[in-house]
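Novice: Fold the stuff below for me.
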Amino acid sequence: MKLIKKITYTLLFLSITHFSIAQTHNAYYQGIVDNCTLLSVTTNLNEFVNHGVKSVGSSEIDNAKNWLKAKYLSYGYTDIVEDTFTTGGSSTTNIVVTKVGLVYPNTYVIIDGHYDTINGVGANDNGSGTTLILEIAKQLANVPTEYSIKFINFSAEEIGLKGSQHYVNNVVNATNPKLDIRLVLNIDQIGGRSDMINDTIVCERDTDNQNGNDVASNLITDELIVCIGLYSSLSTEKSYAYSSDYIPFENNGEIITGLYEKNETLHSHSSTDVIANMDVNYLYEITKGATGAVLHFAVANQALSVEENILEEVKFFPNPAQYFINISSGNLGLKNSNIKLINLTGKIAYSKEVLNDVKDCRIPLVNVKSGVYLLELIINDNKKIEKIIVE
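Specialist: All right, here's what the predicted structure looks like:
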């Protein structure tokens, strides 16, 4: 929930090459967007509400945390981190879920929103944002992307952006080298009003003129606007970022954008912030547009999955593995192939080039730590990647 608005801002119109606004409708993206369902959105929203008032330090927010983890696990994610911290004498937890990109595994698109509430169940603020993030994570679970994605559910937003500030201080800036963030997309209060026509979503960008990132933020927000138009039925309005979990990232010099409802609820931070006072169909349309935007920002690439089909008969086993991993190529052979075992931070734990005409290969795990890895096999520019658990 946003509390204090900024008053003035200045736009800069400069050229920048990191992002491109040349966008057209992508049929592959549309197929993924079409998998989003109103039933799934409604189900998750009801489950969120059923966890009660999720204030920091309460059993309700702990139950919501466990519910979120179970949701991500059910979608197939395994890199789920509890980022626990203390604020105001209470311990609370951010949930950080990482999907590894196949081309730029160390560069991250962050999709975030808070899941704590005050004075009520928070159907709109911020059950709406939590539900959207879950649906995008569900739809992208098996979609290959060039950039890595972090889905983050922050706690303690309602008491001063404590969770996101903790994450920036203790994860983003404490990582060596500093975490490389492509952009941050913040989702906060996007449920609209049940007593109004909700056909416009506000897309927010950085306008503070403090860290030299306003131009890039404006450009990606323009791209967000295009995606909303391509993959939803909604109109858009551009505004400025204020008082939500993107602000610690903005102040850290990161490139940010965000989504916020056009018709602002009258029920935030109260016992009447319930589903009946919001527009779930509006939330569903925003979810579709945002899904298209994340596919665009993370660069979902169908070719990455098509390449794997060429190596369909190649098998990696056992999985989970303890002492070794076998690679069996069937009738293809492994001559002139490259093998890499990569951890979820992008570091190569094992690599090997196979020059001989053999059909099978064994990877020793004696010096490989327990954890989740990606096993990558490249043969004649064809690639197969599979998640491997090392015990």
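Novice: Not counting residues beside it along the chain, what's closest to the spatially most central residue of the chain?
Specialist: What sits nearest the mean C-alpha location of the chain, by Cα atoms, centre = their mean, is F151, with 3.2 Å. Spatially, and ignoring its direct neighbours in sequence, F151 is nearest to V97 (4.4 Å; Cβ to Cβ, 6 or more residues apart in numbering). Every C-beta, even on glycine, is put in place using the N, C-alpha and C of the backbone.
Novice: Confirm that neighbour sits in a helix?
Specialist: No. Applying DSSP: H, G, I helix; E, B strand; the rest coil, one finds V97 to be strand, outside a helix.
Novice: Contact partners for it?
Specialist: Contacts for V97 were tallied using Cβ atoms under 8 Å, 6 or more residues apart in numbering; they are 72, 77, 79-81, 137, 150-152.
Novice: Next step: these restricted to helices.
Specialist: Those of those mapping onto helices are 72, 137, per DSSP state H.
Novice: Quick check: which ranges of the protein have low pLDDT?
Specialist: 1-22, 303-310, 344-345 (pLDDT under 70).
Novice: Might you report the residue contacts of K352?
Specialist: Neighbours of K352 in contact, by Cβ under 8 Å, 6+ apart: 338-339, 361, 363.
Novice: export the contacts of V97 to JSON lines and tack on distance to E237?
Specialist: Output for those, formatted as JSON lines (distance: Cβ to Cβ, whole Å):
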{"residue": "Y72", "distance to E237": "32"}
{"residue": "Y77", "distance to E237": "33"}
{"residue": "D79", "distance to E237": "36"}
{"residue": "I80", "distance to E237": "35"}
{"residue": "V81", "distance to E237": "35"}
{"residue": "A137", "distance to E237": "26"}
{"residue": "K150", "distance to E237": "27"}
{"residue": "F151", "distance to E237": "26"}
{"residue": "I152", "distance to E237": "25"}
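Novice: Closest to K369 out of the contacts of V97?
Specialist: D79 (14.5 Å; Cβ to Cβ).
Novice: wait, doesn't M196 sit right on K262?
Specialist: No. With contacts counted by Cβ atoms under 8 Å, M196 stays clear of K262, the gap being 9.1 Å.
Novice: Who has more neighbours out of these two?
Specialist: K262 (19 against 12; other Cβ atoms under 10 Å).
Novice: leaving aside the residues next to it on the chain, what's closest to that one?
Specialist: K262's closest residue in space is T200 (Cβ to Cβ, 6+ apart), at 4.1 Å.
Novice: Quick check: the one you found vs V171, distance?
Specialist: According to Cβ to Cβ, to the nearest Å, T200 and V171 sit 34 Å apart.
Novice: now do I379
Specialist: From I379 over to V171 (counting by Cβ to Cβ), the distance is 37 Å.
Novice: and what of L219?
Specialist: 26 Å.
Novice: How about residues contacting the host helix or strand of I133?
Specialist: Taking DSSP states H and E as the definition, one finds I133 inside helix 129-140. For helix 129-140, the surrounding residues in contact (Cβ under 8 Å, 6+ apart) are 32-33, 35-36, 40-41, 44-45, 48, 68, 71-72, 75, 77, 97, 99, 111-115, 149, 151, 153, 187-190, 259, 283, 286-287, 290-291, 294-295, 298, 300.
Novice: repeat for stretch 231-241
Specialist: Counting by Cβ under 8 Å, 6+ apart, residues outside stretch 231-241 touching it are 6, 9, 29-30, 33, 186, 199-207, 217, 221-222, 225, 228-229, 247, 250, 256-258, 260, 262, 282, 285-286, 288-289, 291-293.
Novice: What separation is there between V41 and V49?
Specialist: In terms of Cβ to Cβ, V41 sits 13 Å off from V49.
Novice: Compare those two and say which is more crowded by neighbours.
Specialist: Per other Cβ under 10 Å, whichever of V41 and V49 has more neighbours is V41, with 22 against 19.
Novice: wait, doesn't that one sit right on T287?
Specialist: Yes. V41 is within contact range of T287, at 5.8 Å (criterion: Cβ under 8 Å).
Novice: still on that earlier bit, quick one: which two of the contacts of V97 are the most distant?
Specialist: V81 and A137 (14.2 Å).
Novice: Now do the same for N44: helix, strand or coil?
Specialist: helix.
Novice: what's the nearest residue to it if we skip its chain neighbours?
Specialist: Closest to N44 by Cβ to Cβ, 6+ apart is T131, at 4.6 Å.
Novice: Q210 too?
Specialist: Excluding the flanking residues, the one nearest Q210 by Cβ to Cβ, 6+ apart is N251, at 7.3 Å.
Novice: what does D245 give?
Specialist: Nearest to D245 is S164, by Cβ to Cβ, 6+ apart, at 3.9 Å.
Novice: Correct me if wrong: the one you found contacts N251.
Specialist: No. Assessed by Cβ under 8 Å, S164 is found out of contact with N251, at 10.3 Å.
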